[in-house]
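J.: no sequence for this one, just the structure:
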Ligand SMILES: [Zn+2]
């Protein structure tokens, strides 16, 4: 299903879908706990099978993430219960930072609740199960996907092959907003449509209806957040 936000009858459901507040359209991928958009399922299965042929065990570590789940991560970072990392994956001391500075530091690695591509069921964080031992703790940091990292082979293979299956990496280049995320892939046919529906007005409506830590700063900086971290 695609929707135009302008269609009055679907405004509320579109907003709730785009911001991860409802997930009724999504289905479990194969028999897993990972929720995905039903129109992505076949493409994802084909991608995984092709990776297998190339000797890789492409596994999912995150697919759909709800608004509530993103809010939990976000609030923990705001409260200092979860590390806020710099561009070199090192923890930042937030003690002398203003609230607005903290907001933008968190945004480099974490989406604002309601502003994650993971809300759509079209985006995944992936790794190579075969490349690590059972006790390896996946960190999702760039060095794991670069030379000498365990997932470099998967990363190279994806860069060569994922387009054939409809996937791309939305966070590949560092444009000063979200840091590059080589583990994050997106099913373009669907996610482009959802991004198009996710207008600035949707984002403002969402912020006005939501409550999480640093919400006042988020409302004050809504235009910049939308342009740098959502509408990429
Ligand atoms: Zn991701």
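T.: Looks like it came in fine. Computed from a prediction, not measured in an experiment: that's the story for all the values here.

J.: The closest residue to the ion within the chain: neighbouring residues, count only.
T.: Among the residues of the chain, residue 184 lies closest to the ion, at 3.7 Å counting by Cβ to the ion. From N, CA and C alone the C-beta is placed, and that goes for glycine too. Per other Cβ atoms under 10 Å, the neighbour tally for residue 184 reads 19.

J.: same check, this time on residue 111
T.: By other Cβ under 10 Å, the residues close to residue 111 number 21.

J.: And what about it, helix, strand or coil?
T.: Secondary structure of residue 111, reduced to three states by DSSP: H, G, I helix; E, B strand; the rest coil: coil.

J.: Tell me if I'm right that it and residue 118 touch.
T.: Yes - judged on Cβ atoms under 8 Å, residue 111 makes contact with residue 118 at a distance of 7.3 Å.

J.: okay, and the common contacts of those two?
T.: Taking Cβ atoms under 8 Å, 6 or more residues apart in numbering as the contact criterion, the common neighbours of residue 111 and residue 118 are residue 70.

J.: Which positions in this structure make contact with the ion?
T.: Selection of the chain residues close to the ion by Cβ under 5 Å from the ion yields 125, 184.

J.: Would you state the helices of the chain in chain order?
T.: 11-18, 41-53, 67-78, 99-107, 152-161, 188-197, 200-209, 215-220, 222-225 (DSSP state H).

J.: and the second one, which residues are buried?
T.: For helix 41-53, the buried set under the neighbour-count rule, 16 or more other Cβ atoms under 10 Å, comprises 41, 43, 44, 47, 48, 50, 51.

J.: Now do the phi/psi pair for the residue lying farthest from the centre of the chain.
T.: If you look at how far each residue of the chain sits from its centre, by Cα atoms, centre = their mean, the farthest one is residue 96, at 28.6 Å. Reported as degrees, to the nearest 10, the phi and psi values for residue 96 are phi -100, psi 20.
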